[in-house]
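Student: Model the structure of this input:
(one chain, ligands or ions: 1)
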Amino acid sequence: MTAQIIDGNALSRQLRTEVAKRAAALKARGVTPGLAVILVGDNPASQVYVRNKVKACEDNGLHSVLEKYEATMSEAELLARVEALNNDPSIHGILVQLPLPAHIDAQKVIEAISPAKDVDGFHIASAGALMTGMPGFQPCTPYGCMKMLDSIGYDLRGKHAVVIGRSNIVGKPMALMLLSRSATVTICHSATTDLKAQTLQADVIVAAVGKRNVLTADMVKSGAVVIDVGMNRNDEGKLCGDVDFDGVKEVAGYITPVPGGVGPMTITMLLVNTIESAERAAA
Ligand code: NAP
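Tutor: Sure thing, here's the model as predicted:
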């Protein structure tokens, strides 16, 4: 079997067209959806992520404000900026790019963002809403993975999903989203003793580890859906995921590539959350 590719670029284009239409409808009512992105320091990867997010806003009719600060910015100064943006009616989403310099308590900064503008979905109120099935913003990466499953019409009810990774931004919310669709969910992590025994039982596998080749063909049941969240570099310096793509695609039913899979979907869901926030504010 050769797996069908779930194309994150194509799905993103489709979803971003819908975002642009919703942005135009809001503009016609005098509201321009606005996203504020705060970058502290000069982490090269963060600079690329932030640039991509700002460009995605501009390309789809959203207004974006990029605030760049020196790595020496104090926690109090950053908290004051967040507070000002909370009170700015032209801003519907606030994103503080992580990681922050070590002297700033990232969780404290995230908790300072108004939950109504928490388009990254990292605030404890957003996490609580996800856990209890209440409305709130969902973290963009797992939200994008769910959209990828929806794009192939996959019915999760009664299926066994294995999530590899338990971070607060990917693994745990991913597991909750799969659970909310009535999948039976197993969460694996670095202390899981026999990962292969778990993944071999899975109808759906989401790999969110940050290590190359964590998932190889011998660990995948025939026909399984494999979603690769990982972003790593191979020996040639090229972007690759956690999954041995060439091997696993011969066993899986569906697979997401890296690049061109979950990555573009993450930014797309940020746009979706920001539009959603602007629509709520304008209602
Ligand atoms: P993280 O916070 O470092 O979490 C990694 C998780 O993997 C941890 O829960 C860890 O377990 C687990 N783990 C480590 N080694 C393992 C092993 N050998 N077997 C099973 N589990 C193992 O990373 P993250 O923020 O969730 O991100 C994960 C990956 O996704 C990274 O490559 C990141 O760059 C990528 N990512 C991509 C996007 C995107 O848009 N495509 C967005 C976010 C993240 P413990 O908890 O036990 O340590």
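
Student: In terms of helices and strands, where is the residue of the stretch 1-150 of the chain found nearest the ligand?
Tutor: As assessed by C-beta to the nearest ligand atom, the ligand sits closest to T141 within the stretch 1-150 of the chain, at 4.1 Å. In this view, the C-beta of every residue, glycine as well, is placed from N, C-alpha and C. For T141, the host element (DSSP states H and E) is helix 140-151.

Student: Same question for M177.
Tutor: helix 171-180.

Student: related to what we said a few turns ago, for the helix holding T141, what is the average pLDDT?
Tutor: The pLDDT scores in helix 140-151 average 98.

Student: Put the alpha carbons of whatever helix or strand comes next after that helix into CSV.
Tutor: Of the helices and strands lying after helix 140-151 in sequence (DSSP H and E), the nearest is strand 160-164. Taking only C-alpha atoms (Å, rounded to 0.1, in the frame of the first residue of the first chain), the coordinates of strand 160-164 have been written out as CSV:
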residue,chain,number,x,y,z
HIS,A,160,-7.8,4.0,18.6
ALA,A,161,-5.6,7.1,18.5
VAL,A,162,-2.0,7.1,19.8
VAL,A,163,-0.5,10.5,20.5
ILE,A,164,3.3,10.5,20.9
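
Student: starting at the chain centroid, how far to strand 160-164?
Tutor: Distance of strand 160-164 from the chain centroid (C-alpha atoms, centre = their mean, to the nearest Å) equals 17 Å.

Student: before we move on, what about stretch 57-68?
Tutor: 18 Å.

Student: ok, residues contacting it?
Tutor: 16, 19-20, 23-24, 27, 32-39, 50, 53-54, 81, 90-91, 271, 274-275 (C-beta atoms under 8 Å, 6 or more residues apart in numbering).

Student: let's see 6 Å
Tutor: 16, 19-20, 23-24, 32-39, 54, 271 (C-beta atoms under 6 Å, 6 or more residues apart in numbering).

Student: Can you pull up the residues of the chain that come close to the ligand?
Tutor: By C-beta under 6 Å from any ligand atom, the residues of the chain that approach the ligand are 141, 164-167, 169-171, 188-192, 195, 208-211, 214, 229-232, 262-263, 266.

Student: which among those end up buried?
Tutor: Using 16 or more other C-beta atoms under 10 Å as the burial test, the residues of the chain next to the ligand include 141, 164-167, 169-171, 188, 192, 195, 208-209, 214, 229-232, 262-263, 266 as buried.
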